[in-house]
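Enquirer: Give the three-dimensional model of this entry:
(4 chains)
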There are 2 protein chains.
Amino acid sequence: MRKINPYDFQVATRSTSREINRQIVLNLVREHQPISRADLARRMKVGRNVISMIVNELIAEGLIYEGATGKTVRGRKPTFLHVRTQDRFVVAIDIRFSRTFLMLSDFGGHQLALETFDTLFAPDELVEELIWRVRRMLEAHDATANCEGIGVAVPGMVDHSTGIILNAPTLGWRDVDLRTPLAKGTALPVYIENAPKACALAEMWLGRNGATPNNFVFVTVSDGVGVGIVINGELVRGRDNVAGEFGHAPLSLDGPRCLCGSVGCWEAYISNLATLARYFGYDLSRLKPKKLLDDGGNDFTINDLLARARSGDERARAAVQGTARYLGLGLATVLNGLNPECVYIGGEIMTAWDMIEATVRQALAERAMTERVAQTPIRVSTVGEYPRLRGAAALVTAPIFAAPRVA
Amino acid sequence: MRKINPYDFQVATRSTSREINRQIVLNLVREHQPISRADLARRMKVGRNVISMIVNELIAEGLIYEGATGKTVRGRKPTFLHVRTQDRFVVAIDIRFSRTFLMLSDFGGHQLALETFDTLFAPDELVEELIWRVRRMLEAHDATANCEGIGVAVPGMVDHSTGIILNAPTLGWRDVDLRTPLAKGTALPVYIENAPKACALAEMWLGRNGATPNNFVFVTVSDGVGVGIVINGELVRGRDNVAGEFGHAPLSLDGPRCLCGSVGCWEAYISNLATLARYFGYDLSRLKPKKLLDDGGNDFTINDLLARARSGDERARAAVQGTARYLGLGLATVLNGLNPECVYIGGEIMTAWDMIEATVRQALAERAMTERVAQTPIRVSTVGEYPRLRGAAALVTAPIFAAPRVA
DNA sequence: AGTATATAGTTCAAAGTTTGAACAATCGCT
DNA sequence: AGCGATTGTTCAAACTTTGAACTATATACT
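Expert: Next up is the predicted model:
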């Protein structure tokens, strides 16, 4: 029940049907590969001839290819089709406060190489470092000719049309343009997006087969707290690409001071920094943010805290449980408001999901409007999966598989 | 950049292009009427022949009609086209705690009749009352034959597939089925939706021409507080049709008790009841909800309070300003999270918008993540416009104009 | 070995679209 | 009356899906 925008619509031409069915075929191959033409025809309930036409077109364009033949009980063997992913490459970059990650990935989201270095806070220095590292990585894997773009995930707000990083508080950046110099230095298209949105894209496009619903949210809990929202299979950007900033919804108007300058934000209760502060008994409102980040980032990390909690340190355990409780309370706001089919949560603290699940669930139930909302499936995205990097890769690959714009 | 759901897609047939363009034509006529075939062809950038084909089809189906001829500087006069709205009727019903409203409307959303009666809290009695009133209203306006459905807005959660009212706390209803008996008693299709969602639909489908964007939220502040969310021209329902329940997001975890049973909800700060309680110095957490509603609803209403504030009662003014401040603070959560192009706010308190605007804006700015978010346009939907009733009407009319489902 | 049956994939004409041009209708102006 | 401009219609071409017939290939059965 979508309304057609009478000031911005897309008329159907005589090739619109083809475009639609072409993308459906492409997506079905992606999801169900290996799959034969006949199977595609059955799934789509169209004639095999149409599928043949489309498939041949897609093969000619190099989007899919014919693989081995399959087996049937009787009759001619089907020839299996696959999406061409192995020899199409993407460089994914994840810029974080402590370190920057580079990954070489194929179009299937499989990791081919991974490297890390300390983040340089001067944008021009960082770009220079990135350019030569990207070049080296591509050459080392003989992927220079077949790399189709660079995706970058950053912890901050990004202008989607220009790619300019408007504000990345943890990095101390304002109006930074990484895209132009990086694109020039590598001769590749560059796509930049903020981390929670990238994570949501990763789940949508590179999630476990068939498991990702069409309406979900991805909550990232690390230095900051953000949400990537997917509704009707589409990432919600909002007017200024700011949508998803639920991290600064208040839990208490007289709560702890937040890095954003406001007070009582969800983030101020559950970010890694907040958890560490709870453990050490810091008063967040007294200390300078930068100092806190440095302390937290360099000597004693959230992972150390989680290890202590796991090994029986009662104070550590209490700090983590506090975070768990507030995580659940804030989650209720998002789930009541958007009622998604499921939630993905990512961040270091999710390595301790077994320890905190009960607490999160209970807190969520306290504030969820209905039983069903309280029981929204929660899926863990562990750090080992590199959701940010996979999302950065999805920035490049997704447009190829997206539905055509129509009506 | 929508992802095609590989388990639930819609293949394009050879008539898909036609369906798409047909709906575009219909919507363009709706938006720009009176408009000629040639104008449609120019706007859509297609040949006039295509438009002629589609228009003739739409005329044959009775969706649009030819009106007077227009004027041109030179050449043949265009024949203007109009959407057939005047002789197609809808009954809209708004059930509220204090009173129930019935409106007879045409497909253009124009009010033809309006009546009111005290809400009966027994569902079967209410249905009986509604049935004979609907019949009487239709007969009085000779609209029985051309009425195409009944839309109902209720203050509570509705199961969209069955039409069952799952929970309407102010009415004290749980799992009430109005739709089946009402449809049977009137022989008309019945559509039920909760009030904030209905209000959003009203803005989307019956808003001032051209002014309604494709991404917006509608916040209703009355007995309860709810939000209707529209993203990409589509109402966000969520998994259980619960989406939009931001009314129970916390402002403070140790705040006043809310009717929902939780504590510190946005609603507990800004509902009409909360505003009255602030004025009278009630402690919301001590009193029984029903008692409060009765007191508030029957002798001294929010409108009385607003009148006192306007006439200089300092305590009344302070109570209203308190509500304004919390309205702005909670609004920040919604606007940060969804970053819509604009917000509509409806409810009795908006009759005093001139008094509260500055306070709301300031509170919003305190917690908005960016300047742009703080400056999100706020549009007032006054009670005189009956947004709920117009939304109830839109429940019936909207499906006719919606975009076809594709890909 | 030969035949029947089943399945995969291709070929071809029919039907429904848009596309683009030519044509008929209508009106104002000179 | 004739010219030019604009609206609306008609007709063939190009591109779709649709549906049936056809070829290719494999297995099962006699």
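Enquirer: Show me the helices in the stretch 201-350 of chain A, by range?
Expert: A:267-270, A:272-280, A:289-298, A:302-310, A:314-338 (DSSP state H, counting those that start in this stretch).
Enquirer: residues contacting residue A:21?
Expert: A:44, A:46, A:50, A:54, B:11-12 (C-beta atoms under 8 Å, 6 or more residues apart in numbering or on different chains). C-beta: built from backbone N, CA, C; applies to glycine.
Enquirer: Pull the number of nearby residues for residue A:280.
Expert: Residues contacting residue A:280 under the criterion other C-beta atoms under 10 Å in any protein chain shown number 15.
Enquirer: Of the helices of the stretch 201-350 of chain A, which stretch is the most buried?
Expert: When the helices of the stretch 201-350 of chain A are scored by mean count of other C-beta atoms under 10 Å in any protein chain shown, the highest mean neighbour count falls to helix A:267-270 (a mean of 27).
Enquirer: Which residues does that helix contact?
Expert: Applying C-beta under 8 Å, 6+ apart, the external contacts of helix A:267-270 come out as A:221, A:224-225, A:247-248, A:251, A:255-260, A:274, A:284, A:322-323, A:326-327, A:330, A:349.
Enquirer: ok so, going back, kindly report which one of the helices of the stretch 201-350 of chain A carries the lowest mean pLDDT.
Expert: Comparing mean pLDDT across the helices of the stretch 201-350 of chain A, the weakest is helix A:289-298, with a mean of 50.
Enquirer: Residue A:227 is in contact with residue A:221, isn't it?
Expert: No. When contacts are counted by C-beta atoms under 8 Å, residue A:227 is not listed as touching residue A:221 (10.2 Å).
Enquirer: can you list residues touching both of those two?
Expert: By C-beta under 8 Å, 6+ apart, no residue touches both residue A:227 and residue A:221.
Enquirer: any low-confidence regions in the stretch 151-300 of chain A?
Expert: A:283-298 (pLDDT under 70).
Enquirer: again, only this time at 50
Expert: A:286, A:288, A:296-297 (pLDDT under 50).
Enquirer: For it, which residues are neighbours of DNA strand C?
Expert: When proximity is defined by C-beta under 7 Å from any atom of the strand, the stretch 151-300 of chain A lies next to DNA strand C nowhere.
Enquirer: Residues of the stretch 151-300 of chain A that sit close to DNA strand D?
Expert: Close to DNA strand D, as judged by C-beta under 7 Å from any atom of the strand, the stretch 151-300 of chain A has no residues.
Enquirer: if I pick the residue of the stretch 151-300 of chain A found nearest chain B, what's in contact with it?
Expert: Residue nearest to chain B within the stretch 151-300 of chain A (C-beta to the nearest C-beta): residue A:238, separated by 2.5 Å. By C-beta under 8 Å, 6+ apart, residue A:238 lies in contact with A:244, B:215, B:338-340.
Enquirer: Same check on residue A:22?
Expert: Residue A:22 touches A:54, A:57-58, counting by C-beta under 8 Å, 6+ apart.
Enquirer: so which of those comes closest to chain B?
Expert: Nearest member of those to chain B, counting by C-beta to the nearest C-beta, is residue A:54, at 11.2 Å.
Enquirer: and the host helix or strand of that closest one with DNA strand D, contact?
Expert: Here residue A:54 sits within helix A:48-60, counting by DSSP states H and E. Yes. Applying C-beta under 7 Å from any atom of the strand, one finds helix A:48-60 touching DNA strand D at A:48-50, A:53-54.
Enquirer: Using TSV, lay out the residues you listed together with neighbour count.
Expert: Below are these laid out as TSV (neighbours: other C-beta atoms under 10 Å in any protein chain shown):
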residue	neighbour count
A:48	15
A:49	10
A:50	18
A:53	15
A:54	22
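Enquirer: So for chain A, the centremost residue is which one?
Expert: Centroid-nearest residue in chain A: residue A:199, 1.2 Å away (criterion: C-alpha atoms, centre = their mean).
Enquirer: what kind of secondary structure is it in?
Expert: Of the three states, residue A:199 takes helix under DSSP: H, G, I helix; E, B strand; the rest coil.
Enquirer: For DNA strand C, see how far away it is.
Expert: Noted for residue A:199: a distance of 37 Å to DNA strand C, by C-beta to the nearest atom of the strand, to the nearest Å.
Enquirer: now that residue: how far from DNA strand D?
Expert: Taking C-beta to the nearest atom of the strand as the measure, residue A:199 falls 35 Å from DNA strand D.
Enquirer: How about residue A:42?
Expert: Residue A:42 is 13 Å from DNA strand D, by C-beta to the nearest atom of the strand.
Enquirer: Helix, strand or coil: sort out that residue for me.
Expert: Assignment for residue A:42 (three-state DSSP): helix.
Enquirer: ok, now which ones touch it?
Expert: Going by C-beta under 8 Å, 6+ apart, the list of residues near residue A:42 is empty.
Enquirer: As TSV, the helices of the stretch 201-350 of chain A with distance to residue A:403 would be great.
Expert: Output for the helices of the stretch 201-350 of chain A, formatted as TSV (distance: least, C-beta to C-beta, whole Å):
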stretch	distance to residue A:403
helix A:267-270	34
helix A:272-280	37
helix A:289-298	41
helix A:302-310	39
helix A:314-338	21
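Enquirer: To residue B:191, which of those lies closest?
Expert: helix A:314-338 (22.9 Å; C-beta to C-beta).
Enquirer: Is any residue of the closest one near chain B?
Expert: Yes. Legend: contact between helix A:314-338 and chain B by C-beta under 8 Å from any C-beta of the partner chain is shown at A:329, A:332-334, A:336-338.
Enquirer: burial of residue A:111, as a residue count?
Expert: 15.
Enquirer: was I right about it contacting residue A:103?
Expert: Yes. Between residue A:111 and residue A:103 there is a contact under C-beta under 8 Å: 5.7 Å.
Enquirer: Find the residues that touch each one of these two.
Expert: Common neighbours of residue A:111 and residue A:103 (C-beta under 8 Å, 6+ apart) are A:386, A:389.
Enquirer: How about the secondary structure of the closest residue to residue A:191 other than its chain neighbours?
Expert: Nearest non-adjacent residue to residue A:191, counting by C-beta to C-beta, 6 or more residues apart in numbering or on different chains: residue A:395, 3.9 Å away. Assigned by three-state DSSP, the conformation of residue A:395 is helix.
Enquirer: what sits against the residue nearest to the centre of chain A?
Expert: A:153, A:218, A:220, A:228, A:344, A:346, A:381, A:387-388, A:391.
Enquirer: Now with 7 Å, please.
Expert: Counting by C-beta atoms under 7 Å, 6 or more residues apart in numbering or on different chains, residue A:199 touches A:218, A:220, A:228, A:346, A:387-388, A:391.
Enquirer: Same question for residue A:154.
Expert: A:95, A:165, A:168, A:192, A:194-195.
Enquirer: from what I can see residue A:175 touches residue A:166, true?
Expert: Yes. If you go by C-beta atoms under 7 Å, residue A:175 and residue A:166 touch, sitting 6.2 Å apart.
Enquirer: And these two? Which one has more around it.
Expert: With neighbours defined as other C-beta under 10 Å, residue A:175 and residue A:166 compare such that residue A:166 has more, 19 against 10.
Enquirer: Check the secondary structure at the more buried one for me.
Expert: Recorded secondary structure, residue A:166: strand (three-state DSSP).
Enquirer: Not counting sequence-adjacent ones, nearest residue to it?
Expert: Residue A:166's closest residue in space is residue A:157 (C-beta to C-beta, 6+ apart), at 4.6 Å.
Enquirer: And for residue A:334?
Expert: Nearest non-adjacent residue to residue A:334 (C-beta to C-beta, 6+ apart): residue A:246, at 5.4 Å.
Enquirer: Next: residue A:349.
Expert: Residue A:349's closest residue in space is residue A:221 (C-beta to C-beta, 6+ apart), at 5.6 Å.
Enquirer: Next, the closest residue to residue A:99 other than its chain neighbours: phi, psi?
Expert: Nearest residue to residue A:99 in three dimensions, chain neighbours excluded: residue A:116, at 5.2 Å (C-beta to C-beta, 6+ apart). Per-residue torsions, residue A:116: phi -140, psi 150 (degrees, to the nearest 10).
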